[in-house]
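Enquirer: Need the 3D shape of this:
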Amino acid sequence: MLVTGATGFLGQHLVKRLAHEGFHVTAIGRNIAVGSILPHDVHFVQASLEDRDGIFQVMQNQDFVIHCGALSSVWGKYEDFYSANVIGTQNMVDSALFHNIKRFVHVSTPSIYFSLQERSKINVKEDSVLPNPAVNFYAETKRMAEDVVDEAFNKGLPTITIRPRALFGPGDNAIIPRLIKTNQRSGLPFIDGARILTDITYVENVVDALCLCLVSDERTVGKKYNITNGEPMYLNNILERVFTMLGQPMKKREMKYEKILRVASILEKTYRLFHIKKEPIITPYTVTVLAHSQTLNIDAAKTELGYNPRISVEEGINKFAEWWKAQNVNI
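Expert: Model prediction:
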């Protein structure tokens, strides 16, 4: 079993689960420090997805591949996203075809559904028309990566793609921690009252989905599946629950959508014009996430993969809060 992105948030949870269930796991990642604390029976290889020869070598004698590796960020250079997400995926599927991998599971993103123009997208299905242009470089290159995987399927590689939405849980270093820091620093932007409907997904539920993809029947091969907790909630209710469990007061900054979007657009254009590497305090993408309702339809995953979210949003938030407090973080 080969897992890419093994030192990332999802990858770590996946590798630990697979090792616990008795799989012989080879884990690829960039972070040596995190790789060193993976389960002792996991074979960790520090490698870059762009290293084509290295990928071909490490995939020898593997039966299954779960491709979690990607450059996931709201900010960065197009070339970096393209190199990691498109070229890296191309190297993975080429190697998988060469080595006759039995099943290739690809982790994509529902960010490809996002649009700056549509304020509400409810119950989005996998075959929904995708916006053009994509909302940012990450979404654009992940959509291209899906095309690469689809092409490999047409050449005979047994593939399955999942699109998990807004992962959270113990070990999260992105979504909730960013909200915590923003709350501490300047308060949380409540755009139009944060009364948007959204999906989030507990990380172990995504691991469940990935494990199901390894053993699902042939009708699932070549398909794509949305993965969420199946519990659409209002963003303000999610935030209130998180900060209540953390025992931290939530500071709201009420904002109007049109005004903050103009500011974010100006900031993004300015940062691009002057090649500023630091991420702007807010971007059109983050405004979109905070201001646009979006929920995903997971009927296909339930019916065809047998996916059933085990950990509820409330239980997941409780688990995250317990973990966060145990880190002795100053909250």
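Enquirer: Mind listing what's buried along the helix or strand that contains Leu239?
Expert: Under the criterion DSSP states H and E, the helix or strand holding Leu239 is helix 235-246. Of the residues in helix 235-246, those scored as buried under the neighbour-count criterion (16 or more other C-beta atoms under 10 Å) are Leu235, Asn236, Ile238, Leu239, Arg241, Val242, Phe243, Met245, Leu246. In this view, the C-beta of every residue, glycine as well, is placed from N, C-alpha and C.
Enquirer: who touches that helix?
Expert: Residues from elsewhere that reach helix 235-246 (C-beta atoms under 8 Å, 6 or more residues apart in numbering): 176, 179-180, 183, 188, 190, 193-198, 200, 249-250, 290, 313-314, 317-318, 320-321, 324-325, 331.
Enquirer: Format the buried residues of helix 235-246 as JSON lines; extra columns: distance to Pro110 and pLDDT.
Expert: Rendered in JSON lines, the data for the buried residues of helix 235-246 read as follows (distance: C-beta to C-beta, whole Å; pLDDT from 0 to 100):
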{"residue": "Leu235", "distance to Pro110": "16", "pLDDT": "93"}
{"residue": "Asn236", "distance to Pro110": "21", "pLDDT": "92"}
{"residue": "Ile238", "distance to Pro110": "17", "pLDDT": "95"}
{"residue": "Leu239", "distance to Pro110": "20", "pLDDT": "93"}
{"residue": "Arg241", "distance to Pro110": "22", "pLDDT": "96"}
{"residue": "Val242", "distance to Pro110": "21", "pLDDT": "95"}
{"residue": "Phe243", "distance to Pro110": "25", "pLDDT": "95"}
{"residue": "Met245", "distance to Pro110": "25", "pLDDT": "95"}
{"residue": "Leu246", "distance to Pro110": "26", "pLDDT": "94"}
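Enquirer: ok, now how distant is Ser36 from Val289?
Expert: Using C-beta to C-beta, to the nearest Å, we find Ser36 at a distance of 34 Å from Val289.
Enquirer: Comparing the two, which shows the higher neighbour count?
Expert: Val289 (20 against 10; other C-beta atoms under 10 Å).
Enquirer: does Arg262 sit in a helix, a strand or a coil?
Expert: Secondary structure, DSSP: H, G, I helix; E, B strand; the rest coil: Arg262 is helix.
Enquirer: number of nearby residues for it?
Expert: 13.
Enquirer: and if you look at the one 4 residues further on?
Expert: Neighbourhood size, Ile266 [other C-beta under 10 Å]: 11.
Enquirer: Show me what counts as buried in the one helix or strand it maps to.
Expert: Taking DSSP H and E as the criterion, Ile266 maps to helix 257-273. By neighbour count, with 16+ other C-beta under 10 Å as the criterion, the buried positions of helix 257-273 are Ile260, Leu261, Ala264, Leu267, Glu268, Tyr271.
Enquirer: so what does the strand or helix carrying Glu204 touch, helix or strand wise?
Expert: In this assignment (DSSP H and E), Glu204 forms part of helix 203-215. When contacts are defined as 3 or more C-beta pairs under 8 Å, 6 or more residues apart in numbering; DSSP states H and E, helix 203-215 sits against helix 9-20, strand 64-67, strand 103-107, strand 159-164, strand 167-168, strand 224-227.
Enquirer: Residues touching it, excluding its own?
Expert: Outside of helix 203-215, the residues that reach it under the criterion C-beta under 8 Å, 6+ apart are 9-10, 13-14, 17-18, 21, 64, 66, 103, 105, 107, 160, 162, 164, 167-172, 220, 225, 227, 229, 301, 305-311.
Enquirer: now those residues: which count as buried?
Expert: Applying 16+ other C-beta under 10 Å to those, the neighbour count classes 9-10, 13-14, 17-18, 64, 66, 103, 105, 107, 160, 162, 164, 167-172, 220, 225, 227, 229, 301, 305, 307, 309, 311 as buried.
Enquirer: any idea how far Ala47 is from Tyr138?
Expert: Noted for Ala47: a distance of 21 Å to Tyr138, by C-beta to C-beta.
Enquirer: ugh, wrong one, I meant His24
Expert: Separation of His24 from Tyr138 (C-beta to C-beta) stands at 32 Å.
Enquirer: again with Thr161
Expert: Using C-beta to C-beta, which is the criterion applied here, Thr161 is 16 Å from Tyr138.
Enquirer: Just want to know which of these two has more residues nearby.
Expert: Counted by other C-beta under 10 Å, Thr161 and Tyr138 do not tie: Tyr138 has more neighbours, with 24 against 21.
Enquirer: Could I get the buried residue list for the helix or strand encompassing the more buried one?
Expert: In this structure, Tyr138 is located in helix 137-154 according to DSSP H and E. Residues of helix 137-154 classed as buried by neighbour count (16+ other C-beta under 10 Å): 137-146, 148-150, 152-153.
Enquirer: and what of stretch 89-98?
Expert: Counting neighbours by 16+ other C-beta under 10 Å, one finds that the buried residues in stretch 89-98 are Thr89, Gln90, Asn91, Met92, Val93, Asp94, Ser95, Ala96.
Enquirer: List the buried residues in stretch 39-46.
Expert: Residues of stretch 39-46 classed as buried: Val42, Phe44, Val45 (neighbour count, 16+ other C-beta under 10 Å).
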